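> predicted model, plus sequence, below.
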Amino acid sequence: MTALTSPPAAAPRQASPLALALRRFRRNRVGVLSAWVLAALYLMALLAGFLAPYSITAQHPDFPHQPPQRVRLVHQGQLTRPFVYPVEKTRDPVTFASTFAENRERPLPIRFLVRGDDPARYGYSFLGVFQSQWHLFGVPGGTAFLWGTDKFGRDLLSRTLVGAQVSLTVGVIGVLISFAIGILLGGVSGYFGGRVDGLIQRLIEVLLSFPRLPILLALSTIIPARWPSTWVYLGIIAVLALIGWAGLARVVRGQVMSARGVDYVQAARAVGASDLRVILRHIMPNLSSILIVTATLALPGYILGESALSFLGLGIKEPMTSWGLLLRDAQNFETLSLYPWLLAPGLLIVISVLAFNFLGDALRDAADTQSR
């Protein structure tokens, strides 16, 4: 009898570098949590008009600096649907200070998918395509200020949600513009070298020698005060991108200088490939992981830059709003001690900046092929 021989075992299939990077990223719980937090923040910004119960310009003159109203589920010992108690404003006869007290006799039920009847108070532009007055929740016949109001009686929750559209998109658009400039000049500088490299590097050194905040203030003063809010928004992005490309250009230059000496790049040049083809087909694809990590780590700088300019009164103007502009109402300790809820936009700035930093660190560790 002839012995039966088993077929040779198939060679194990090796995972691609992208699959290995994703596997390493999933092991970083803080990075994964940060990615979900940022996804929630950007989804919130996308649906801000629908999630916000009021328009950002709607004023309630009877409720300036009203404290946040609590959402409750129990009324007089019975479990009910979510509701808030109406708030009544009174004035102290001695100090003339305004005080707010809940009327616990008449609960106001919170309704979902409600439609406002006043376009000036409830209307918004959904995705910039069409006007709508539908909101996720509301209190028909009453008011619900879950995060309180500002000095004009405007709902802070609505203004914070809509302000996320400005604060979060400034970073994305600014990074796209600065990366286009940085990749172009850094790639040219690292690939060609010589006098071109020296000229670009001297320009980068000049830009990096200036302190960031003073040069931001100087450039922002160039924006005319008579410009409409949309133009000011674009001007702030241009200012941030103008000084944000220098650091990236230096990183790209170093990577291109090391990549142009590898064998496959030299082979492509030897067979007559054009410089543009060598850069786009053989050098830039190998920089994608570095560029993604650098972009993620650069986004918090744009968010903080816009917030600082708006906080100082040189950024976003009314009727637009942003997190930095909302923080202008909390500039002194007296205001903070009386109305601490005005710091809520600052908390979102901290959360978004930390999430971007943690995500960038996780992506950098995942893209590090030399790590283990």
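All right, it came through fine. What you see is a predicted model; the values in this text were computed from it and never measured. Numbers count the residues shown, from 1 in each chain.

> which residues in the chain form strands?
Using DSSP state E, the strands of the chain run over residues 72-75, 78-84, 87-91, 98-102, 108-109, 111-115, 124-126, 130-132, 134-138.

> so which of those comes closest to residue 25?
Across the strands of the chain, the minimum distance to residue 25, taken as CB to CB, is reached by strand 134-138, at 32.4 Å. (Each C-beta comes from the backbone N, C-alpha and C, glycine too.)

> for that closest one, the averaged confidence score.
For strand 134-138, mean pLDDT is 89.

> work out the gap between that strand and the centre of the chain.
24 Å (CA atoms, centre = their mean, to the nearest Å).

> what residues sit buried inside that strand?
For strand 134-138, burial by neighbour count (16 or more other CB atoms under 10 Å) applies to 135, 137-138.

> same thing with stretch 19-28?
For stretch 19-28, the neighbour count (16+ other CB under 10 Å) marks 21, 24-25, 28 as buried.

> cool, stretch 171-179 as well?
Neighbour counts over stretch 171-179 (16+ other CB under 10 Å) mark 171, 173-175, 177-179 as buried.

> again, but for stretch 271-289
Buried, per 16+ other CB under 10 Å, within stretch 271-289: 278-279, 282-284, 287, 289.

> which residues sit in contact with the most centrally placed residue in the chain?
Among the residues of the chain, the one closest to the centroid is residue 168, at 2.4 Å (CA atoms, centre = their mean). Residue 168 makes contact with 41-42, 45, 303, 352 under the criterion CB atoms under 8 Å, 6 or more residues apart in numbering.

> quick check, nearest of the residues you listed to residue 252?
The closest of the contacts of residue 168, once distances to residue 252 are taken by CB to CB, is residue 303, at 22.6 Å.

> report the two of the buried residues of stretch 271-289 separated the most.
Comparing all pairs in the buried residues of stretch 271-289 by CB to CB, the longest separation belongs to 278 and 289, at 19.5 Å.

> okay, now residue 194: neighbour count?
Residue 194 is flanked by 8 other residues according to other CB atoms under 10 Å.

> per-residue pLDDT, it?
In this model, residue 194 is scored at 83, pLDDT.

> again with residue 1
45.

> what's near enough to touch the residue lying closest to residue 249 once chain neighbours are set aside?
Of all residues not flanking residue 249 in the chain, residue 186 sits nearest, at 3.6 Å (CB to CB, 6 or more residues apart in numbering). By CB under 8 Å, 6+ apart, residue 186 lies in contact with 200, 248-253, 256.

> and residue 186, how far from residue 178?
According to CB to CB, to the nearest Å, residue 186 and residue 178 sit 11 Å apart.

> overlap in contacts, those two.
Common neighbours of residue 186 and residue 178 (CB under 8 Å, 6+ apart) are residue 248.

> ok, of the buried residues of stretch 19-28, which one's closest to residue 231?
Nearest to residue 231 among the buried residues of stretch 19-28, with distances taken as CB to CB, is residue 25, at 39.3 Å.

> enumerate every residue touching the closest one.
Shown in contact with residue 25 (CB under 8 Å, 6+ apart): 31-32, 362-363, 365-366.

> mind doing that once more with 6 Å?
Residue 25 makes contact with 362, 366, according to CB atoms under 6 Å, 6 or more residues apart in numbering.

> any idea how far it is from residue 75?
The value you get for residue 25 to residue 75, if CB to CB is used, is 47 Å.

> next: residue 111.
Distance from residue 111 to residue 75, by CB to CB: 16 Å.

> just the helices from the stretch 251-372 of the chain, written as ranges.
Residue ranges of the helices in the stretch 251-372 of the chain, as given by DSSP state H, counting those that start in this stretch, are 263-270, 275-278, 288-311, 323-326, 333-338, 344-367.

> most tightly packed of the ones you listed?
helix 323-326 (a mean of 26; mean count of other CB atoms under 10 Å).
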